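**Q** Sequence and predicted structure are below.
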Amino acid sequence: MEKQRIFAYILIGAIISFIVFSLAVFLPNLTLVWTIANSPALLGEKFALLVSLYGAIGTNFTFLAAGYTILMSLLFGLNVTLLIYLVRSRSVGAVGKNAAVSIGGLISGILGVGCAACGTFILSAVLGLVGAAGLLTLLPLGGEEFGIVGVLLLAYTTYALVKKIREPNVCSA
């Protein structure tokens with residue numbers, strides 16, 4: 001494969017990883033992000049304040065949550081890049097269940113995103129609507145299990161995609 005194409009795949013993976021990581025970091029601070037975006041401050045000041053929110057990964061997240069958030073972002077970017085490569089080199093039908101499991105892993109991982117103070121952000125809100133938020137306290141890690149499951153699903157699909165890419169591009173009779 002030529003160097004330009006390899007660089008393009010690396011760039012796609014890095015951009016997608018950055019977007020997923022940004023969403024995970026900004027999600028617990030959506031109100032603040034919205035307030036910053038709508039403030040009369042200068043664009044440079046808004047940008048600097050938004051960039052400073054990335055420090056929340058070290059302060060608002062537990063060590064475990066920060067670890068699986070970073071891993072989830074990297075693995076999802078890698079997964080999408082591998083899916084793109086597989087579709088471009090084969091056909092859409094070759095992707096099949098790997099795409100569904102990748103999306104499932106991301107959704108599971110996002111359910112586990114949260115901070116040390118408030119626990120899992122999305123899951124607490126969703127369960128709170130049906131009066132079941134207390135169920136998270138029964139889990140040994142307080143809902144962080146969803147993030148771990150998300151990373152494991154993404155790791156599995158990465159392995160499955162690499163295995164699929166390495167298979168010959170012909171039917172085995």
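**A** Structure received.
**Q** Break down the protein into its helices, ranges please.
**A** Counting by DSSP state H, residue ranges of the helices within the chain are 3-26, 30-37, 43-52, 56-59, 63-89, 97-111, 121-129, 145-166.
**Q** Confidence-wise, which of those is weakest overall?
**A** Lowest mean pLDDT of the helices of the chain: helix 121-129, a mean of 48.
**Q** ok so, going back, any chance of the helices of the chain in a markdown table, with mean neighbour count too?
**A** Yep, even glycine has a C-beta here, placed from its N, CA and C like the rest. Formatted as a markdown table, the entries for the helices of the chain read as follows, by neighbours: other CB atoms under 10 Å:
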| stretch | mean neighbour count |
| --- | --- |
| helix 3-26 | 15 |
| helix 30-37 | 12 |
| helix 43-52 | 12 |
| helix 56-59 | 13 |
| helix 63-89 | 20 |
| helix 97-111 | 19 |
| helix 121-129 | 16 |
| helix 145-166 | 18 |
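**Q** which ones are touching the residue nearest to residue 37 when sequence neighbours are not counted?
**A** Counting by CB to CB, 6 or more residues apart in numbering, residue 37 lies nearest to residue 46, which is 6.9 Å off, once chain neighbours are set aside. When the contact criterion is CB atoms under 8 Å, 6 or more residues apart in numbering, the partners of residue 46 are 36-37, 39.
**Q** and which of the residues you listed is nearest to residue 3?
**A** residue 37 (38.2 Å; CB to CB).
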